[in-house]
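>>> have a look at this fold, sequence not included:
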């Protein structure tokens, strides 16, 4: 049984797409897969959330569990405060992850925003969840300017808290990458202190499940069961001067 904690360098970095891609590959290998979303924010009751997106892209054989849902697009702590709904802490999240882990080959825990986004007034974060579980952390990052600093900060605080960062995945690689994005292919693993484990093309959310599975296989490393090679990928990127 394996549990991975999926975090991002911020919001809208492609974390849900990366989670769905890893789940898709695992399902293709015949594994039993669960995805846990401790706190879904910015979504009203009855509306589709991140887990619905994961299932739509990766397949209905995934077990999903959402522990809290808050309507405001805020941190879980702030969203709970505004809505009056209960907060949740690392103990409850770890217990749910452990339960899912006992019945699945792979359990993915997808955070909200970055690693230190707070769940409650006590300051609990996804870092505490990862530590409680002893689970490796995957960082999902953007491709362009600013990503090196955000990735380095995330990796450094994770390491200082005793977490194991296994790699970084670029969640949305642009069709026409600029100079910064191309150079970041070299520098992101240095910033993360961990290998580049994948580059997923932008726009994957519009894919059919079959096309999504094919792109996941091409965009994720053999560590996840894919074919991505960080050594040869840069040579296939179109060259621009800016």
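Yes, it's here. In this text, all values refer to a predicted model and were calculated from it rather than measured experimentally.
>>> which of the helices or strands spans residue 130?
In the assignment (DSSP states H and E), residue 130 maps to helix 126-133.
>>> how distant is that helix from the center of its chain?
Here helix 126-133 is found 15 Å from its chain centre; the criterion is CA atoms, centre = their mean, to the nearest Å.
>>> any idea of the mean pLDDT for that helix?
Averaged across helix 126-133, pLDDT comes to 96.
>>> contacts for it, please.
With contacts defined as CB atoms under 8 Å, 6 or more residues apart in numbering, helix 126-133 is touched by 3, 5, 7, 38, 90-91, 93-94, 97-98, 109, 111-112, 115-117, 119, 135-137, 157-158, 161-163. Every residue, glycine included, has its C-beta placed from N, CA and C.
>>> pLDDT weak spots in the protein?
Across the chain, the ranges flagged by pLDDT under 70 are 238-242.
>>> so residue 209 versus residue 81, what's the distance?
Using CB to CB, to the nearest Å, residue 209 is found at 38 Å from residue 81.
>>> ok, back up a step: report the buried members of the contacts of helix 126-133.
Buried residues within those, counting neighbours by 16 or more other CB atoms under 10 Å: 3, 5, 7, 38, 90, 93-94, 97, 109, 111-112, 115-117, 119, 135-137, 158, 163.
>>> which parts of the chain are strands?
Ranges of strands within the chain are 2-8, 33-41, 63-70, 106-114, 137-141, 165-173, 196-201, based on DSSP state E.
>>> and the closest residue in space to residue 145 that isn't next to it in sequence, how many neighbours?
Nearest residue to residue 145, sequence neighbours excluded (CB to CB, 6 or more residues apart in numbering): residue 180, at 4.7 Å. Applying other CB atoms under 10 Å, we find 15 other residues in the vicinity of residue 180.
>>> same thing with the one 3 residues further on?
Burial measure for residue 183: 14 neighbouring residues, criterion other CB under 10 Å.
>>> just the one 10 residues further on next, same as before
Other residues near residue 193 number 15, with proximity taken as other CB under 10 Å.
>>> buried ones in stretch 190-208?
Buried residues in stretch 190-208, counting neighbours by 16+ other CB under 10 Å, are found at 191-192, 194, 196-202, 204, 207.
>>> residues in contact with residue 150?
9-10, 141-142.
>>> now rank those residues by neighbours and give me the top one.
Neighbour max across those (other CB under 10 Å) = residue 141, 29 neighbours.
>>> please look at that one and residue 171 and confirm they touch.
Yes: applying CB atoms under 8 Å, one finds residue 141 in contact with residue 171, separated by 6.9 Å.
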